[in-house]
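# Model the structure of this input:
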Amino acid sequence: MAIIYGRANDALNINPPEGDQYLTVNGSDWLWTVTAIFTLSFLILFALTFFARAGERFFHYLFTIATLVGAIAYFAQASDLGYTLVPTTNSLWNGLTRQIFFAKYIHWTVAFPAVTIALGVLSGVSWATVFFNVFLSWTWVLTYLVGAYTTTSYKWGFFGFGTVAYVLLAVSTLGEGTRSATRVGISRDHGLLAGWLNLLWLLYPIAWGLTDGGNRIGVTAGFVFFGVLDVLMVPVLGFAVVGLSRRWDYNRLNIAFTQYGRVATVPGTFPEKAPAAAPAGGVAGEAAV
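Here you go, the predicted structure:
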């Protein structure tokens, strides 16, 4: 990826960091690495859409968008852009300032719903449940964003609300999602993916509490923590879903898409492939005979 992103990292010379807790050169180097991972993942997933069977590109498109947005967000952060200085509140750094990167939360507003939709559609739950889970994921991310910008101990109130949304999301994906996946005969793959995703989700509140929430670890260390989690949640999970999807029955999952949109049809049939209706007159009569 050195061809795409030059080896010399002068991002912090062009966009110098500010505040008392700030991004270091090593942190920027790490973020460029994550940017390269997301960019390469985006290119591969986009290329794979051309090899997917017609009507079975749903997951390809979903993770192509998620990895593209992730690449953009990490590009901004590696360049030391997309942040605001916010006063810290804990006893160790009280009165000092920290770089809070809102680009990270913009990424999550796309990434969290994307993986939530993928898991919901795979499990066969209703679209109402899928939308409910998407809004839970947005509630989780946005309350953490508000908490990160709150300069008093009241930030933990937002953390509490966001964590409740996370718990409801986990219960839905592991509970209702598992029951529905069993009903459509895809429990093994769903259990593997849901277990992996929920293990990662469990670590996000911990990471937030140590970084933007409690300011217990520095900006660079926080990016290492979140960078690993984001890579495991979006590119790794994306490739796993796309790879496993080759053996799934899209008709049974009711996600067979045609030029008429999402339709529930007899397995293996599509509206545009149905025989044309016979015109009125003798031809129809002969066909009937």
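# show me where the protein has strands.
83-87, 97-101, 257-258, 261-262 (DSSP state E).
# Surely V141 touches T116?
No. Under the criterion of Cβ atoms under 8 Å, V141 makes no contact with T116, lying 11.0 Å away. The way it works is simple: take the backbone N, C-alpha and C, and place the C-beta from them, glycine included.
# How confident was the prediction at the residue positioned nearest the centre of the chain?
Centroid-nearest residue in the chain: A111, 2.1 Å away (criterion: Cα atoms, centre = their mean). Per-residue pLDDT puts A111 at 97.
# what about the stretch 1-150 of the chain, any weak spots by pLDDT?
Regions of the stretch 1-150 of the chain meeting the criterion pLDDT under 70 cover residues 1-7, 91-93.
# quick one: the helices in it?
11-14, 25-48, 58-78, 102-123, 127-149 (DSSP state H, counting those that start in this stretch).
# a markdown table for the ones you listed, including distance to N254?
Output for these, formatted as a markdown table (distance: least, Cβ to Cβ, whole Å):
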| stretch | distance to N254 |
| --- | --- |
| helix 11-14 | 46 |
| helix 25-48 | 23 |
| helix 58-78 | 11 |
| helix 102-123 | 9 |
| helix 127-149 | 10 |
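# between the ones you listed, which gets nearest to G191?
Of all the helices of the stretch 1-150 of the chain, the one in closest proximity to G191, counting by Cβ to Cβ, is helix 102-123 (9.9 Å).
# which parts of that closest one are buried?
For helix 102-123, the neighbour count (16 or more other Cβ atoms under 10 Å) marks 102-108, 110-123 as buried.
# before we move on, the earlier item: the residue nearest to the centre of the chain contacts M233, correct?
Yes. Assessed by Cβ under 8 Å, A111 is found in contact with M233 at 6.7 Å.
# and for the two, which residues touch both?
With contacts defined as Cβ atoms under 8 Å, 6 or more residues apart in numbering, no residue is shared by A111 and M233.
# Check the gap between T97 and T84 for me.
Counting by Cβ to Cβ, to the nearest Å, the separation of T97 from T84 is 10 Å.
# Those two - which one has more neighbours?
T97 (17 against 14; other Cβ atoms under 10 Å).
# how about the residue nearest to the centre of the chain, what does it touch?
66, 69-70, 230, 233-234.
# Nearest to I255 among these?
For those, the nearest to I255 is A66 (17.4 Å; Cβ to Cβ).
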